[in-house]
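# Give the three-dimensional model of this entry:
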Amino acid sequence: MNKLDKEDYQRSLKSMDTEEHIDLAFYRPIGFMWARLAARFGVSPNAITIAAIFLGIGAGILFYFPELRLNVIGMLLLVWANSFDSADGQLARLTKQYSRIGRILDGLCGDFWFVTIYLAIVFREIDFSPFFGDHPWVIWCMACVTGICHTKQAAMADYYRQFHLYFLKGEDGSELDSVSQLRRQLDESGLTWKKNFWKRLTISFYLAYTRQQEATSPALQALRRELHRRFPSGNIPQAFRDDFRRESLPLMKYTNILSFNWRVITLFTTLFIRQPWIYFVAELTVFNILLVYMIVRHERFCRQLTQRLENGDY
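Next up, the predicted model:
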């Protein structure tokens, strides 16, 4: 890369604080090349996201089959899909084509992938495993509970990452939303169920998603309210931003583990050993333990920072 390319590449990243090592080594460089190519031909970030959705769904379907050859093709498709999922955000940052619909669509992208993957594993185990073939309710229960846990894990990892970016880079460098803000904007938008059904449905899902994030982080919400009360203009002191970053930064590695890469490494491992049901076990145990630890740590330091604000330390 020349100097100009390196500057563009750096602009395409969220921040070095929140980037995951595998992404930096693999997905971000590939995503940057896709983003540059898309910008040259006028392809929008949302179009790349939609392509990623179909690639990921195709990957999930191939995980149904017990033949390892087909599974490997599915793995390659999923890697390709994630490189597109990286590219859409990088393209949006390079070209400043930000939109809430784009963010919602980007979040739904992974949901489409994993719903397909979960269903593929369930039907694979029912059709080809003697135990689950005789007891299909077991694998269905595992899949449903795992899906609920997966949703919570991914939602909180994204939420904590956006809060970190907010205090690191300010409002323009984060995609942080709130239920009150979203509800107000929805009321003022004039969107109706009759005329704007799909757009209204999408925003309503996103509103429920954000409500879940806020309900899981009461101490963080208290900190947010105290900051708004003391600094209504949004001019939060740099000393506070630095203190928040110092506490939050060590926890960013857990948000990355609960995102895409380590999930997929776990999934691919279970496919190689031809026991994909073990992926559900990993999500229910290891990933849930990391989620609880991450929430407890965040809530603890948020209570401490709120107390310091109330004591007038900033």
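# mind listing the helices for the stretch 201-314 of the chain?
218-230, 238-248, 252-257, 261-272, 277-282, 288-310 (DSSP state H, counting those that start in this stretch).
# I'd like those helices as JSON lines, with mean pLDDT, distance to Gln162 and mean neighbour count appended.
The C-beta positions use only the backbone N, C-alpha and C, and glycine is treated the same way. Converted to JSON lines, the helices of the stretch 201-314 of the chain look like this (pLDDT from 0 to 100; distance: least, Cβ to Cβ, whole Å; neighbours: other Cβ atoms under 10 Å):
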{"stretch": "helix 218-230", "mean pLDDT": "94", "distance to Gln162": "11", "mean neighbour count": "16"}
{"stretch": "helix 238-248", "mean pLDDT": "94", "distance to Gln162": "11", "mean neighbour count": "15"}
{"stretch": "helix 252-257", "mean pLDDT": "92", "distance to Gln162": "10", "mean neighbour count": "19"}
{"stretch": "helix 261-272", "mean pLDDT": "96", "distance to Gln162": "19", "mean neighbour count": "17"}
{"stretch": "helix 277-282", "mean pLDDT": "97", "distance to Gln162": "26", "mean neighbour count": "19"}
{"stretch": "helix 288-310", "mean pLDDT": "96", "distance to Gln162": "12", "mean neighbour count": "16"}
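# Of all these, which one is nearest Gly102?
Closest approach to Gly102 among the helices of the stretch 201-314 of the chain (Cβ to Cβ): helix 252-257, 20.8 Å.
# just how off-centre is stretch 65-80 within its chain?
The chain centroid and the centroid of stretch 65-80 are separated by 23 Å under Cα atoms, centre = their mean, to the nearest Å.
# ok, now stretch 207-218?
On the basis of Cα atoms, centre = their mean, stretch 207-218 sits 14 Å off its chain's mean C-alpha point.
# tell me which residues in that stretch are buried?
Residues of stretch 207-218 classed as buried by neighbour count (16 or more other Cβ atoms under 10 Å): 207, 209-210, 212-214, 216-217.
# and which of those is nearest to Thr192?
Distance to Thr192 across these (Cβ to Cβ) is lowest for Leu207, with 15.8 Å.
# so that closest one sits right up against Gln185, yeah?
No - contact criterion Cβ atoms under 8 Å: Leu207 and Gln185 do not qualify, at 9.9 Å.
# can you list the residues that contact stretch 23-40?
Stretch 23-40 is contacted by residues 8-9, 12-13, 19, 43-45, 47-48, 82-91, 94-95, 261 when judged by Cβ atoms under 8 Å, 6 or more residues apart in numbering.
# Quick one: mean pLDDT over that stretch.
Stretch 23-40 shows a mean pLDDT of 92.
# for stretch 84-102, same thing?
Stretch 84-102 shows a mean pLDDT of 83.
# Tell me how far that stretch lies from the chain's centre.
Taking Cα atoms, centre = their mean, one finds the center of stretch 84-102 at 14 Å from the center of the full chain.
# buried stuff in that stretch?
Across stretch 84-102, burial judged by 16+ other Cβ under 10 Å covers 84-94, 102.
# And stretch 45-52, by the same measure?
Buried-residue list, stretch 45-52, by 16+ other Cβ under 10 Å: 45-46, 48-49, 51-52.
# what sits up against that stretch?
Here stretch 45-52 makes contact (Cβ under 8 Å, 6+ apart) with 34, 38, 81-82, 84-85, 87-89, 91-92, 95, 97, 99, 101-102, 105-106, 109.
# cutoff 7 Å now
Stretch 45-52 has contacts (Cβ atoms under 7 Å, 6 or more residues apart in numbering) with 38, 81, 84-85, 87-88, 91-92, 97, 102, 105-106, 109.
# how much does the longest helix seen in the chain deviate in direction from helix 218-230?
In terms of residue count, the longest helix belonging to the chain (DSSP state H) is helix 136-169. Orientation of helix 136-169 against helix 218-230 (axes from the mean of the first three to the mean of the last three Cα atoms, to 10 degrees) gives an angle of 30 degrees.
# Can you give the distance of helix 136-169 from its chain's centre?
Helix 136-169 sits 8 Å away from the centroid of its parent chain (Cα atoms, centre = their mean).
# Now do it: which elements does it pack against?
helix 100-128, helix 197-215, helix 238-248, helix 252-257, helix 277-282, helix 288-310 (3 or more Cβ pairs under 7 Å, 6 or more residues apart in numbering; DSSP states H and E).
# I'd like the average pLDDT over that helix.
For helix 136-169, mean pLDDT is 93.
# buried set for the very next helix or strand once past that helix?
Per DSSP states H and E, the first helix or strand lying C-terminal to helix 136-169 is helix 179-189. Residues 179, 182 are the ones in helix 179-189 that count as buried (16+ other Cβ under 10 Å).
# can you give me the offset of helix 179-189 from its chain's centre?
Put simply, helix 179-189 sits 22 Å off its chain's centre (Cα atoms, centre = their mean).
# residues of stretch 68-76 that come out buried?
Neighbour counts using 16+ other Cβ under 10 Å place 71, 73-75 of stretch 68-76 among the buried residues.
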